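sequence first, predicted model second:
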Amino acid sequence: MAEDVVVNISNLTFTYERGPLALQDVSCEVRKGEILGIMGSNGAGKTTLCFHLNGIIPTVYAGTEKGRVTMCGLDPWETPILEMSQKACMVLQDPETQFTTTDVASELAFGPANLAVEREEIFRRADWAAKVCGISGLEERKPQELSGGQKQRVALAAGLTMLPEVLILDEPTSQLDPVGTTEVFDVVNHLSETEDMTILITSHKTDEVARLASKILVLNEGESVAFGTPKEVFAKTELLASIGVNPPSVTSLATKIAAKVPGFEERYKKSGGIPLTLDEAESLIRQALDENFLKIDWKNPPLAPRTSEEVVLEMDNVTFTYPARIPVTALKDINLKVHKGEYIAIIGQNGSGKTTLVKHFLGLLEASQGVVRIEGEDASELTIGSIAKSISLILQNPDYQLFSISVQKELEFGPRNLGLSDEEIEIRVDNAMKEVGLEDVRDIFPFRLSFGDRRKVAAAAGIAMDPEILILDEPTTAQDYRGRHVLCQIAARMRDQGKTIIMISHDMDLVATYADRLVIMSDAKIIADGPKREIFGMVDVLKQADLKPPQITQLCQRLADYGIEQNLVTVDEMADIFTSGGA
Amino acid sequence: MAFEYVKKDTPLDRMNPLVKLFYMALALLVVIQVWNTESISLLIIWIGIATVWWIVGKVELRNLGFLLKLLTFLFVFLFIVQGMTYRFGDQTILFKFFDWPIIDADTGLAVTNYGEMTVGGILYGLLIALRVVSVVTVIPIFTMTSSIARITAAFARIRVPQKMAFMFMTAFRFVPLVQESMDSIIEAQKIRGFDLDQASYFDKIRRAYIPIITPLLLLMFRRAMDLEVAINARAFGARKDRTFVQDISFKTRDYLGILVVLGSFGLMMYLLYFETTFITWVYFTALVGAIAGGIGMFASAIGLDVALQGLNNFLLSLPVLDVVGGYFDQRALLGYGAVFIVLFISLIVIWFVRRRRRKRKRARKK
C-alpha cells in the first residue's frame, strides 16, 4: 500500500442492526490531497459510508461489518471515536442540528476543549478556522442569527479546529440556496488547494462535484457501480441515468449529440475526454461547428401551452411586514396575477420573500397593505379552512406535518378536515396514492419511511385535498435527481388537467424544464415576471437576484452567433438543433 | 424568548454567573421565610432592590411581556380565591358575591360565609403574589445577563458533571428550535384545513393537539439523533479535564457583587427578625393610605367625589342594580359600590366582545 493513501476501503459490507443491508462489497482508495465525490440516489449508502470513516459507526449506530476500512492508518472499529474524531471532521446535511452550543465562538472551541487543548491554542485555532471559512466577525452570533450557508461554514470551521486530516462533507449544500452553496464550495476548494486537505464529499449537485473532485465513486443500493476520474465516470451516461444520477447538463448534451452524430464521440475522446464544464463544452462545440463537423438546424422550441384569461390568484399592491422588535418588510408593493392553468416558478434567494408570498395565498398571513384575492374574493375575509379546499401547499419538510399511525390515515386527515363524506375521502385518498405511487406502503407508519418517501406522503396528502391550485415549496430539498422530478411531473400532470401550479425553487434546471412563467424575487420585490425563455435572457436581472440561467441556456448564449435564435433551456431541446455537418 | 440572553455591555454582564446564581438562591431563601401579611413591606423592599439590579443590568421589562400576562392572570385568581376563603386578619367584608354560609354542626350558627370577600383575604392573596414576583424579578438578572457559555463554564467550576452542564446548554439551544418547529407545524396543519383558531375549546382539548404534538416529538427525536452524531464527531466527553475557554475567575466586581447580595439579604433578615415592629404592615397601610388620601384630596378639590357619590346613588336607585349593588358593602368601598359593580360588569362584557370580534371570517362562496 502506498504511503500517501489516507482512506482505504476494501470489500466493505455493512448491515444496520435490525435494518437493511446498507453497503455491499464497496472498495475505494483516496490519496492525500484528493477530493473524492460520492454520488448516488437517496438510500444508496452514501451517508453510511461517511459514518464508517469517523467512527459514528459503530459508536452511535450499530451493525455488522465485513471487509476492511483503514483511515489514516487506523481501523475505526478498533479505535475509539475520540481518536477517530481528530482524524476526520464531518459536516452533515441539516444546518440546524449540528450546532452543539449556543454561539459561534463556543462552537468553534467545543471540539478542542473536549480534548483539553490549551486555552491559548484553542483561540489560535478558532481564529485560523474562522478565517479559512470566511466567518470572522460572526463569533458572537447565535445560530438563529445565521444564514444557512453561514451555519454550514461554522460547522466546517468547528470541525477544522480539531485539526483533522480528512474532511467528510455529507450533502453539505442540499438545503442551501445558490449563494450558500457557492460559499460552501468555495471554502472546500480553498481547503484542498492551500491546506492540502483530503476531502470526501457527497452531493447531488453534479456540476459542482464534477468541477472539484479528483475521483468519483458512484453507489447504487449499497453497491459501488463506478469509480474513477470524473471524465471516466460521467462518460457512462446510460448507467448513471438508470440509477438516478444526473451528469452535468453539458455532459449529457455531448452524449446526446454523440448518439445522433457518428464520430462526435471520437472527437471529444481525442481532445481530452467528455466535456464536464461549460468552457470545455463551448470550445468543443465551437470547434466542431467551425470545422463544419456539426451544423445548426434551427428548430423553434415548443411553445408554452396557452392559458386561459381567468385570474385565479391576484395580489394588488401588497406589502407585508413581519411584526417584531425590528419590523422586517418581507414583501414590498407586489402586483401579481396568476391565471388558471399556469405553471409558475418563483425564483430568488433565501429571504427574498418567496415563501412569505405564497403564505398570503393560503391565508396564513394577511397583507399589511393591499389586497390578496382568491378567485375574486378578498383572502383576508376567508377562513383558512375554506381556502384549504382549493389551494394546497406541499412543504419542504414533510416532518412538520406527518403524525398519523399509517400513510392511509395521514392522507385522510386533510379531506376529513374539509368535512367530506367517507366515500369521497376514500376515492380521493386512493387517487392520490396511485398518483404518487404509495400503494405498497399504505399501512406503514410514515416515520419509518425514508425522507424521500415521507416527502411523497406529504405530497400525496396535498393532492388528496384535490386542490385547484397546487403550490410546491422547493421540491429539491434533500431530494435526489429522481425525487425532485417525480414531484414536478405530478404537478405537470395536474396542470394538464387544468389546475394551476406555483413552484418555489432554486434549481434552475428544474424550473427550466417544467415551468412556463418565471417570477424573480429579490429583496422583497418582484424584479421580473414573464415567459421563461425571455427571463433567462435577462442576464443583469438574474445577476441582481444572484441567480444564473441553466448551464444549457448559458451555452446557448455563448453560441448565439452561430444562429441560435432563442434561449433553449433543456438538454433535449439543445441536442435537437445539432445535425451532422457533413465534413 | 422571554429570558434570552442579549449581549449588553454592563457590569452585570461581566459579572460571574455564580454571583447571580447565588443571588437567586438567596431570593428563594428570603421568600421562604416571609409568610405572613405583616411582612408585606419587606417583600416590597426586596423587589425594590431587584429593580436596582435590573436598571444596572439594563434588563428590559418588555421582554417579559408574556410572563407578566401569565402572572396577571395568576394574581387575579389568587386575589379572588384567597379573598373568599382566607379567614384570618382583617375580617372587614369588601363584597358579598353570594351566600355560602358554613354552619357549625354543634351550635347551628354560621361560622363563616365563603361568598364574602374579606380585606384580610385579599391581603393574603397580595402576599402570595408578591412572593412570586420577588423570585420572578430575580430570575432575569441571572438568565438575561449571562451567556449560556458562561453559565455552563460556571457550572463546571462548581463541579456540575460535564454531561449535566451539556444537557442544560442543549435545553437552551433547543428552546428556539422547538418554538420555530411548533410554528411551522401549526402552519402545516392549517394548510390541511385543520384550523385551531376556529375550533371550540372542547375540540381543542379533545383532539386538536395530537396533529401538532406528535410531529413535534418525532422531529425533536430526529434532531436529537443528529446532535448525538455531531457531538460524538467532536470528541465530547473525551477528557475529564476539559478546557474552559470562558474566563470565569473571580474579579473585584464579583466580590463586590457578593457583598451587595449578602448585604441585602442581611438587611432582610435583620428587618424580619429584629425589627418586627418597624416593618409591620402598618407601614404598608400607611403607604396605601397616603396614596388613597392624595387621590381623595385631589378628587374633592375638583368636586369629583360629590359627582361620583351622586352617580352611585343614581345607580342604586335603578331597579336591577339596587339588588346587585346591595351585595357590596357600601361603607367598605367608601360608598362607591354601585359604580364599582358597573365598571366590573362592563369590563367583563368588553372582554367577551373583544374575544368574539377578533376572528369572524367567512367561508368561501364557491
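Looks like it arrived, so ask away.

ok now stretch A:378-386, how far from the chain's centre?
Chain-centre distance of stretch A:378-386: 33 Å, with C-alpha atoms, centre = their mean, to the nearest Å.

repeat that for stretch A:354-368.
With C-alpha atoms, centre = their mean, you get 24 Å for stretch A:354-368.

can you give me the buried ones in that stretch?
Within stretch A:354-368, the residues that count as buried by 16 or more other C-beta atoms under 10 Å in any protein chain shown are A:354-365, A:367. Heads up, the C-betas are built off the backbone N, CA and C, glycines and all.

where are the low-confidence patches of the stretch 251-400 of chain A?
Where the stretch 251-400 of chain A drops to pLDDT under 70, the residues are A:325.

how about the helices in it?
A:264-270, A:278-290, A:354-361, A:384-388 (DSSP state H, counting those that start in this stretch).

likewise the stretch 451-583 of chain A?
Using DSSP H, counting those that start in this stretch, the helices of the stretch 451-583 of chain A run over A:451-464, A:481-496, A:508-514, A:532-537, A:539-544, A:551-558, A:571-576.

quick one: which of those is nearest chain B?
Using C-beta to the nearest C-beta as the measure, helix A:451-464 is the one of the helices of the stretch 451-583 of chain A that comes nearest chain B, at 6.6 Å.

close to chain B: what parts of the stretch 401-550 of chain A are there?
Counting by C-beta under 8 Å from any C-beta of the partner chain, the stretch 401-550 of chain A comes close to chain B at A:Gln401, A:Leu402, A:Phe403, A:Phe413, A:Gly414, A:Asn417, A:Leu418, A:Phe447, A:Ala461, A:Met465.

OK, contacts around the fourth one?
Listed by C-beta atoms under 8 Å, 6 or more residues apart in numbering or on different chains, the contact set of A:Phe413 reads A:Ser404, A:Ala461, B:Arg192, B:Phe194, B:Pro211.

any weak-confidence spans in the stretch 151-300 of chain B?
Using pLDDT under 70, the stretch 151-300 of chain B drops low at B:196-201, B:204-208, B:276-284.

which stretches in it count as strands?
In the stretch 151-300 of chain B, no segments count as strands under DSSP state E, counting those that start in this stretch.

how long is stretch A:310-329 end to end?
Start to finish, the residues bounding stretch A:310-329 are 30 Å apart (C-alpha to C-alpha, to the nearest Å).

could you confirm whether it reaches chain B?
No - using C-beta under 8 Å from any C-beta, stretch A:310-329 never reaches chain B; the gap is at least 8.8 Å.

buried residues, that stretch. List them.
Within stretch A:310-329, the residues that qualify as buried are A:Val312, A:Leu313, A:Glu314, A:Met315, A:Asp316, A:Val318, A:Phe320, counting by 16+ other C-beta under 10 Å.

before we move on, what about stretch B:339-354?
Neighbour counts using 16+ other C-beta under 10 Å place B:Val339, B:Phe340, B:Ile341, B:Val342 of stretch B:339-354 among the buried residues.

in CSV, could you pull the C-alpha coordinates for that stretch?
Below are the C-alpha coordinates for stretch B:339-354, written out as CSV (Å, rounded to 0.1, in the frame of the first residue of the first chain):
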residue,chain,number,x,y,z
VAL,B,339,-70.1,52.5,40.4
PHE,B,340,-67.7,49.7,41.1
ILE,B,341,-70.0,46.9,40.1
VAL,B,342,-71.0,48.7,36.9
LEU,B,343,-67.3,49.1,36.0
PHE,B,344,-66.7,45.4,36.8
ILE,B,345,-69.6,44.2,34.7
SER,B,346,-68.7,46.4,31.7
LEU,B,347,-65.1,45.1,31.9
ILE,B,348,-66.3,41.5,31.6
VAL,B,349,-68.6,42.5,28.7
ILE,B,350,-65.8,44.3,26.8
TRP,B,351,-63.5,41.3,27.4
PHE,B,352,-66.0,38.9,25.9
VAL,B,353,-67.0,41.1,23.0
ARG,B,354,-63.3,41.6,22.0
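
just the mean pLDDT for that stretch, thanks.
Averaging pLDDT along stretch B:339-354 yields 81.

the residue nearest to A:Leu559 when sequence neighbours are not counted: how many residues sit nearby?
Excluding the flanking residues, the one nearest A:Leu559 by C-beta to C-beta, 6 or more residues apart in numbering or on different chains is A:Ile285, at 6.5 Å. Neighbours of A:Ile285 under the rule other C-beta atoms under 10 Å in any protein chain shown: 26.

rewinding a little: quick one: closest of the helices of the stretch 251-400 of chain A to B:Val138.
The closest of the helices of the stretch 251-400 of chain A to B:Val138 is helix A:354-361. By C-beta to C-beta, the value is 39.7 Å.
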